[in-house]
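J.: fold the following and give me the result.
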Amino acid sequence: MAAPKLRFKEFDGDWTSSDFSKASVQIIDGDRGFNYPKSDDFYDDEFCLFLNAGNVTKQGFNFENTQFITKNKDSSLRKGKLERNDLVITTRGTVGNVAYFNDSVSFKNMRINSGMVIARCQKNVLADFINQFLNSDLFEKWLDKNAFGSAQPQLTVKLLNSIDLNYPSKPEQTKIASFLSAVDEKISQLTQKHQLLSQYKQGMMQKLFSQQIRFKADDGSEFGEWDFIELGTATDVTKLAGYEFTKHIVYKDSGNLIALRGLNVKNNKLDLSDVKYIDDSDLKMLGRSKLYIDDLIFTYVGTIGDVALIQENEKFYLAPNVARIRANKELLNPVYLLQYFNETSFRRNEIEKYIATSSQPALSMTNIRKFHIAKPCLDEQTKIANLLSAIDQKVEVVAQQIEQAKIWKKGLLQQ
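T.: Residues are numbered from 1 along each chain as shown. A predicted model of the protein is given here:
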């Protein structure tokens, strides 16, 4: 194989092309014989961690839920014991998740279950290099083409042995893997920063809305006591009626006016990655579903309680299963209300209280109007909204840095 587009300058010469088996990547499946562990063989803490499907994710190992087998049970199994620098690949259900058993994993004794295989590198290739390959688009494309079975996708040892692989000398593999691992570490650090900022925000919300922390007025004086009101007394809550949708709305895949559906409300903001347009609809009959700056939209069917703030005029209308909440700005600051809707205790004590349980959980407009809202004076609402929005901006900046780093790494892997 010719050299790749992007290369460290100290290396030259062609790369080797082969499949996994010829590159000496050994694929090992687990023990499925008579001694395979049964439910009463598992313990909360014992000699050997026996991996379950949830332990191997797209992000690597996850040890939130673990099960263990005894030393005697471990010794009775013939295959599937992990060695350091082995890679685990899921082969049934969610296929192609990869986890790396390197020195960062604290468990010493681990075994795979029957829905996984081990990829063990020998002679020609390094585990660090293969780990990066298995986390690349090349492997994703291979999975899309080769995994079989619609209800429960699967991979076999034979299929995995046939994976096409291009690789350089071991020194160049080391250089590539070390560089990409440094990028992974940066992504990991940013991800941890994002998690800490998100946790900090949740803590601040709890303290602010429980009044453990209070602001003062600009002149240093104390703000007054808080009132509690029903949402319906300080906002206008409505939805798109069924007849409006069936009679007057026409979905298109292009246009200028967007019908906001439940899937367009994620993580406290609009997600416009998948939208439907309604330019050809009878807009004069959809006046109450037209959205304006500072309207809140709120999902009330299926996934309940996602909320976002409209920040543009003349662009958005309601689709079914999303409510519009329009605040009386003399009583409630819309940004304050947005933040209040995302506070954990409000979601638990108000939103969940009114959910009608069925095959598809839902809230009625009547019950949404019953939500009890803490109402400080407008000046204090503004200070709370500004503080929490500033934290949101920091969280968003880090989220964008993570995404940019992932895109950069993807480009490196392609080249």
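
J.: this structure: helices as residue ranges?
T.: Secondary structure of the chain (DSSP state H): helices located at 71-76, 127-134, 137-146, 157-161, 170-209, 231-234, 242-248, 334-341, 344-346, 352-354, 365-369, 378-414.

J.: for the third one, packing partners?
T.: Secondary structure elements in contact with helix 137-146, counted by 3 or more C-beta pairs under 8 Å, 6 or more residues apart in numbering; DSSP states H and E, are helix 378-414. For the C-beta atoms, the positions are set from N, CA and C on the backbone; glycine is no exception.

J.: what about 6 Å?
T.: If you count contacts as 3 or more C-beta pairs under 6 Å, 6 or more residues apart in numbering; DSSP states H and E, helix 137-146 packs onto no helix or strand.

J.: buried residues, that helix. List them.
T.: Burial within helix 137-146, assessed by neighbour count using 16 or more other C-beta atoms under 10 Å, is assigned to 138-139, 142-143, 146.

J.: how about stretch 191-200?
T.: Neighbour-count burial for stretch 191-200 flags 191, 193-194, 197-198 (criterion: 16+ other C-beta under 10 Å).

J.: need the helices of the chain in CSV (columns: mean pLDDT).
T.: Putting those into CSV (pLDDT from 0 to 100) gives the following:
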stretch, mean pLDDT
helix 71-76, 96
helix 127-134, 96
helix 137-146, 93
helix 157-161, 95
helix 170-209, 96
helix 231-234, 97
helix 242-248, 87
helix 334-341, 97
helix 344-346, 92
helix 352-354, 90
helix 365-369, 96
helix 378-414, 95
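
J.: looking at those helices, which is nearest to Leu6?
T.: helix 378-414 (6.7 Å; C-beta to C-beta).

J.: for that closest one, the distance to its chain's centre please.
T.: 15 Å (C-alpha atoms, centre = their mean, to the nearest Å).

J.: and that helix, what other elements does it pack with?
T.: The contact analysis (3+ C-beta pairs under 6 Å, 6+ apart) places helix 378-414 against helix 170-209, helix 334-341.

J.: and the angle for the first one with helix 334-341?
T.: Interaxial angle, helix 170-209 versus helix 334-341 (axes from the mean of the first three to the mean of the last three C-alpha atoms, to 10 degrees): 100 degrees.

J.: run the chain-centre distance for helix 170-209.
T.: Distance of helix 170-209 from its chain centroid, counting by C-alpha atoms, centre = their mean, is 14 Å.

J.: for the residue nearest the centre of the chain, phi and psi?
T.: Relative to the mean C-alpha position of the chain, the nearest C-alpha, by C-alpha atoms, centre = their mean, is the one of Asn267, at 10.0 Å. With angles defined as degrees, to the nearest 10, Asn267 sits at phi 50, psi 40.

J.: count of neighbours near Tyr167?
T.: By the measure other C-beta atoms under 10 Å, the count of residues near Tyr167 is 21.

J.: that one touches Asp128, doesn't it?
T.: No: taking C-beta atoms under 6 Å as the contact criterion, Tyr167 and Asp128 are not neighbours in contact, 11.9 Å apart.
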